[in-house]
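[1] sequence plus predicted model, see below.
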Amino acid sequence: DAGVIQSPRHEVTEMGQEVTLRCKPISGHDYLFWYRQTMMRGLELLIYFNNNVPIDDSGMPEDRFSAKMPNASFSTLKIQPSEPRDSAVYFCASSWDQGYGYTFGSGTRLTVV
Amino acid sequence: GDSVTQMEGPVTLSEEAFLTINCTYTATGYPSLFWYVQYPGEGLQLLLKATKADDKGSNKGFEATYRKETTSFHLEKGSVQVSDSAVYFCALSEDSGYSTLTFGKGTMLLVSP
């Protein structure tokens, strides 16, 4: 398996634009997690899915953020409109268990100018 | 709620020095404990784990022992290399099966030749 695949690796966008981050989890993993990492706040769990259903989105910072998982092999995290304070590295991870065996993707570094 | 506390970094060492990164935790049950490592520009990777008290996890020369009496899971390595320079995250997972991983804030390790 190629691991968790995220795209793009880097994204630079202007304030106010829509940004879509993509993730392909490992086949057979029932859980998918979206994290945000910044120097100030460290690693934050934004939302996670089980069998394509959102389970906990309490970490999503604002209504500008939304996430979907239309099928077992694809998820998106969308920010609309984007703001400079959204600049961070966004990680997707998948697992066969809610609290065990997470495999992380390489992340998307988002810069909003 | 559950929490993980790590020593603040950066930890700066010379090659072949002994490494200790402290980690203590707070949990209501009997958690599993993990160390993840993040190399520059990459996602987090599982380094080692321990699932019950007195277990020792080990990998790539790193070790950590699950100490229930002191609620600790300190990471150690006898002789660090420049290639060990990375950020190290301590994490826990409750045994209830209904919680996600709880991460510490991470400790950066810098090893100089």
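    Sure thing, it's come through. Numbering: from 1, shown residues only, chains lettered A, B, ... in the order given.
[2] among the helices and strands of chain B, which one scores worst on average pLDDT?
    strand B:102-103 (a mean of 90; mean pLDDT, DSSP states H and E).
[3] just checking, what packs against that one?
    strand B:3-6, strand B:86-93 (3 or more C-beta pairs under 8 Å, 6 or more residues apart in numbering or on different chains; DSSP states H and E). Using the backbone N, CA and C atoms, a C-beta is placed for each residue, glycine as well.
[4] tell me the most buried of those strands?
    strand B:86-93 (a mean of 24; mean count of other C-beta atoms under 10 Å in any protein chain shown).
[5] tell me which residues are up against that one.
    A:43, A:99-100, B:2, B:4, B:6, B:9, B:21, B:23, B:25, B:27, B:31-40, B:44, B:47, B:73, B:75, B:99-104, B:106-109 (C-beta atoms under 8 Å, 6 or more residues apart in numbering or on different chains).
[6] one more time with 7 Å, if that's ok
    Contacts to strand B:86-93, defined as C-beta atoms under 7 Å, 6 or more residues apart in numbering or on different chains, come from residues A:99-100, B:2, B:4, B:6, B:21, B:23, B:25, B:27, B:31-39, B:44, B:73, B:75, B:99, B:101-104, B:106-109.
[7] repeat that for stretch A:65-85.
    A:13, A:15-25, A:27, A:32, A:34, A:46-47, A:49, A:52, A:54, A:64, A:86, A:90, A:92, A:112-113.
[8] now it, how far from the centre of its chain.
    7 Å (C-alpha atoms, centre = their mean, to the nearest Å).
[9] how far away is the residue positioned nearest the centre of chain A from A:E14?
    Against the mean C-alpha coordinate of chain A, by C-alpha atoms, centre = their mean, the closest residue is A:W34 at 3.4 Å. As judged by C-beta to C-beta, to the nearest Å, A:W34 and A:E14 stand 23 Å apart.
[10] show me which residues of stretch B:49-58 are buried.
    B:49-50, B:57 (16 or more other C-beta atoms under 10 Å in any protein chain shown).
[11] tell me which of those residues is nearest to B:S85?
    B:G57 (21.0 Å; C-beta to C-beta).
[12] so what secondary structure elements neighbour the helix or strand hosting the closest one?
    Following DSSP states H and E, the helix or strand that holds B:G57 is strand B:56-59. If you count contacts as 3 or more C-beta pairs under 7 Å, 6 or more residues apart in numbering or on different chains; DSSP states H and E, strand B:56-59 packs onto strand B:44-50, strand B:62-65.
[13] so for stretch A:2-20, mean pLDDT?
    Regarding stretch A:2-20, the rounded mean pLDDT is 96.
[14] give me the contacts around that stretch.
    For stretch A:2-20, using C-beta under 7 Å, 6+ apart, the contacting residues are A:22-26, A:76, A:78-84, A:92-94, A:103-113.
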